[in-house]
Every structure is written in structure tokens, then in C-alpha cells.
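Undergrad: Sequence plus predicted model, see below.
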Amino acid sequence: MDDVKLRPATENDLEAVRSIFNYYIDTSTCTFNLEATSREEIVTTFRARTDKLPLIVAEIDERVVGWASLSQWRRSGTAYSRSVEGSVYVDKDHHRKGIGKL
């Protein structure tokens, strides 16, 4: 496997994160989104994150090749207050390299 570095995302990473995510919106049903995410949407979502609900990027040679995040579980009810949903997306050119497992 290439030398993959994991780190917290910054606003500078958001265009790469958005590009990876939009690929899956266009080519699969795994996101449950029907339209591409805009720059404004991804920035707003990123700025609403907390330390408990991070966005992490995977990079190779300073290029973002994947990302993972935790989001509050969308179902209502106090029993779900500590539940989260995990998301992992890997750039289409970097599949089968163990990045998602990291």
C-alpha cells in the first residue's frame, strides 16, 4: 500500500472531499443524495462539525484520496442521542489499497 497519512480535515481539503463524494452521488446509490453537493453545502456541513463528529482525510503525497466522518444518527428519540453514522469514501482511482480500512 502507498504511504497513506490520516489527519483531521481542513477547509483546504473540502474541494477534494466534495469531488470524491459527488462521484458517488453520480455513480451509485450509497449516498442517498440525488444531486451533487455544492461548495457552499460542504463548507456549511464542515463548519458545523465538532470534535466528537470529526471529518478525517486520507492523503498520499499531500493529495486527498479518501475521507471518513461521523454524523449524528438522523433518527429522533433519546435512545439515539449517542448513536452516530459513519461514512467512508475513497477516490475511485485508489480502490483496493486498504485506505477504507484505515
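TA: Yes, it's here.

Undergrad: CA only for contacts and neighbour counts going forward, please
TA: Will do.

Undergrad: Thought D51 was touching P8, still the case?
TA: No. Counting by Cα atoms under 8 Å, P8 sits too far from D51 to count as a contact (9.8 Å).

Undergrad: Between these two, which has more neighbouring residues?
TA: More crowded of P8 and D51, by other Cα atoms under 10 Å: P8, with 14 against 8.

Undergrad: and the more buried one, what does it touch?
TA: P54, L55, I56, V57 (Cα atoms under 8 Å, 6 or more residues apart in numbering).

Undergrad: same thing with D61?
TA: Contact analysis of D61 by Cα under 8 Å, 6+ apart lists D3.

Undergrad: do the same with P54
TA: P8, S69, L70.

Undergrad: With respect to L34, which of those residues is nearest?
TA: Using Cα to Cα, S69 is the member of the contacts of P54 that lies nearest L34, at 19.8 Å.

Undergrad: From the rest of the structure, what touches the longest helix anywhere in the chain?
TA: If each helix of the chain is counted by residues according to DSSP state H, the longest one is helix 14-27. Contact partners of helix 14-27, identified using Cα under 8 Å, 6+ apart, comprise 30-39, 42-43, 64-67, 89-92.
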